[in-house]
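# Sequence below, structure please.
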Amino acid sequence: MKVIDIRGLRYRYPDGTQALDGIDFHLDAGECVALFGANGSGKTTFLLHLNGLLEGEGDVEICGMRMSKKTIQTIRAKVGLVFQDSDEQLFMPSVLEDVAFGPLNLDVSPTDATARAETTLKQVGLPHAAIHKAPYHLSSGEKRRVAIAGVLAMEPEILVLDEPTTSLDPPGQRGLVNLLRGLPQAKILATHDVNFARALAHRAVFFERGRVVGEGSVDEIVERFAWGGTSDFNGSSRSET
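Numbers count the residues shown, from 1 in each chain. Have a look, this model is predicted:
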């Protein structure tokens, strides 16, 4: 079953930049797909179309619903988007309030929203002592976990993560891999980190100048495009380009 089905997606920024030029893409239930490509290739622009933050030309169907003004709010509840910079998503005075914010906006009662927030924070492995802290007091890895918890509290069917290993040290990367492996949602990972993708993705898609120019296993795409930056999860990094 396809939870995302996109055909002929095009998007041009107001300055005239053609960011997406005819993207065809699908994601099956339970599948994890890695998006590769250079900065500026269209990956983030593509991700922002998945819950209607941007609107281009073409057909975007999420969980059987075509993206439209009538369906956009329902779709946004089904697609959990985790931004590259966790600070862009964390804005409430405390971690618990931040994670409960989304459910409250879905008209969940304050008691139930708090319970849901506590459950998801436990699920992502944040220590209970940290839930009343201000988000800016957390480490990068903890912030990433809180951002994911805020998305999970909305009970989405799809998780979309943009450069999720940014600013994470090797232990933080390993923790994120273990967390994501245990989540049942279909996932899209836009990443430059090949080993991170290898650890999670069933399939990889390569973006170039706003188009999908390759698709296959992670290793097939890495070999075909001589891609890319990796970490070995032991503190060192290298480049395969």
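# and the next element down the chain from the host helix or strand of Ile148?
Using DSSP states H and E, Ile148 sits in helix 140-152. Toward the C-terminal end, the helix or strand that comes next after helix 140-152 (DSSP H and E) is strand 158-162.
# buried set for the next helix or strand after that following strand?
Counting by DSSP H and E, the element after strand 158-162 in chain order, helix or strand, is helix 170-181. Under the neighbour-count criterion of 16 or more other CB atoms under 10 Å, helix 170-181 has 172-173, 175-177, 179-180 buried. Backbone N, C-alpha and C define where each C-beta goes, glycine included.
# Would you mind extracting the C-alpha trace of stretch 83-102 into CSV?
These are the backbone C-alpha positions of stretch 83-102, laid out as CSV (Å, rounded to 0.1, in the frame of the first residue of the first chain):
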residue,chain,number,x,y,z
PHE,A,83,13.5,19.8,10.5
GLN,A,84,17.3,19.8,10.1
ASP,A,85,17.7,22.4,12.9
SER,A,86,15.8,21.1,16.0
ASP,A,87,15.7,24.7,17.4
GLU,A,88,13.2,25.6,14.7
GLN,A,89,10.7,23.2,16.3
LEU,A,90,11.3,23.8,20.0
PHE,A,91,9.8,27.0,21.3
MET,A,92,7.8,26.4,24.5
PRO,A,93,9.1,27.1,28.0
SER,A,94,9.6,23.4,28.8
VAL,A,95,10.2,20.2,27.0
LEU,A,96,6.9,18.7,28.3
GLU,A,97,4.9,21.8,27.1
ASP,A,98,6.6,21.6,23.7
VAL,A,99,5.7,18.0,23.0
ALA,A,100,2.1,18.5,24.3
PHE,A,101,1.6,21.6,22.1
GLY,A,102,0.8,19.6,18.9
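# what comes up buried for that stretch?
For stretch 83-102, the neighbour count (16+ other CB under 10 Å) marks 83, 86, 89-90, 95-102 as buried.
# chain center to it, what's the gap?
A distance of 15 Å separates the centroid of the chain from that of stretch 83-102, by CA atoms, centre = their mean, to the nearest Å.
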